[in-house]
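Q: Coordinates for the following, if possible.
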Amino acid sequence: MAFEFKKCDIEGLYEIQPKIFGDNRGYFLETYSEKDFFEAGLTMKFVQDNQSKSTKNVLRGLHFQTKHPQGKLVRALEGKVYDVAVDLRLGSATFGKYYGVILDSEKQNMFYIPEGFAHGFCVLTETATFAYKCTDFYHPEDEGGLMWNDPTIGIDWESILPGITSNANLSEKDKKHAPFSLEKKYFDLNAKWIGE
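A: Just a heads-up that it's a prediction; the model follows:
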């Protein structure tokens, strides 16, 4: 198998480490293999690939789609990011909890986030190029989001990137996301949207 699949503390999340074959000429690795992923129990189908480039302190998130939720396989092609997933599956033992992974282009690690989660990241290096595969298409009318610094979720961005709480570079859209509520419905355990 060309990958090591590590289950994270929140059910459904995986940190994935591909095998890297390198010599003095450079390196080679597989970034996705349906066969290996299926053997690990990850039987999703990807339909869209996305890529972005950002500068240090850019924070994107926390995003989700409602009626067309996306599972995402994310990685840093260049630089480092702190990538975060928030469990929005009502009835889950970890509802409202987050898990974060530092994605490093030198390490080539990846993070799989299934449907039913909010997702975001901040850039730790001078620049970072970020790529992700999605299990559904982007639907602009279907966007949802949560405040990146919501106190109930309590993502500790500051310990990963000191100063980010006062220097986060956010889009106008990301500045306006709603706070998280333990009383609100988001997704059911099958990642079907049950919110208002």
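Q: Next, count neighbours for Phe21.
A: Applying other Cβ atoms under 10 Å, we find 11 other residues in the vicinity of Phe21. (Each C-beta comes from the backbone N, C-alpha and C, glycine too.)
Q: Now for Gly71, how many residues are close by?
A: Gly71 - counted by other Cβ under 10 Å - has 22 other residues nearby.
Q: residues touching it, list them.
A: 44, 112-115, 134-136 (Cβ atoms under 8 Å, 6 or more residues apart in numbering).
Q: Max pairwise distance over those residues: which two?
A: Largest separation among those by Cβ to Cβ: Tyr112 and Asp136, giving 14.6 Å.
Q: between those two, who's got more neighbours?
A: Legend: neighbour count by other Cβ under 10 Å for Tyr112 and Asp136, higher for Tyr112 (22 against 19).
Q: Tell me the bridge partners for the residue nearest the centre of the chain.
A: The centroid of the chain falls nearest to His119 when counting by Cα atoms, centre = their mean (4.5 Å). Beta bridges link His119 to His63, Ala85, judged by DSSP bridges.
Q: Please determine how far it is located from Val74.
A: Using Cβ to Cβ, to the nearest Å, His119 is found at 8 Å from Val74.
Q: Give me the common contacts of the two.
A: 83, 113.
Q: Give me the contacts around stretch 18-32.
A: 2-4, 36, 46, 73, 75, 108-110, 133.
Q: And those residues, which two are furthest apart?
A: Farthest apart among these by Cβ to Cβ are Glu4 and Phe46. That separation is 19.9 Å.
Q: Which of those two has more residues huddled nearby?
A: Counted by other Cβ under 10 Å, Glu4 and Phe46 do not tie: Phe46 has more neighbours, with 17 against 13.
Q: you'd agree the more buried one is up against Thr135?
A: Yes - the pair Phe46 / Thr135 is scored as a contact, 6.0 Å apart, by Cβ atoms under 8 Å.
Q: which stretches of the chain form strands?
A: Secondary structure of the chain (DSSP state E): strands at 3-7, 14-18, 21-23, 26-28, 48-55, 59-65, 72-78, 80-87, 98-104, 110-113, 117-123, 127-134, 143-145.
Q: can you redo these as TSV with distance to Ser171 and mean pLDDT?
A: What follows is the strands of the chain, written out as TSV (distance: least, Cβ to Cβ, whole Å; pLDDT from 0 to 100):
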stretch	distance to Ser171	mean pLDDT
strand 3-7	31	98
strand 14-18	27	98
strand 21-23	37	93
strand 26-28	34	95
strand 48-55	11	98
strand 59-65	7	98
strand 72-78	18	98
strand 80-87	16	98
strand 98-104	20	98
strand 110-113	20	98
strand 117-123	11	98
strand 127-134	14	98
strand 143-145	10	96
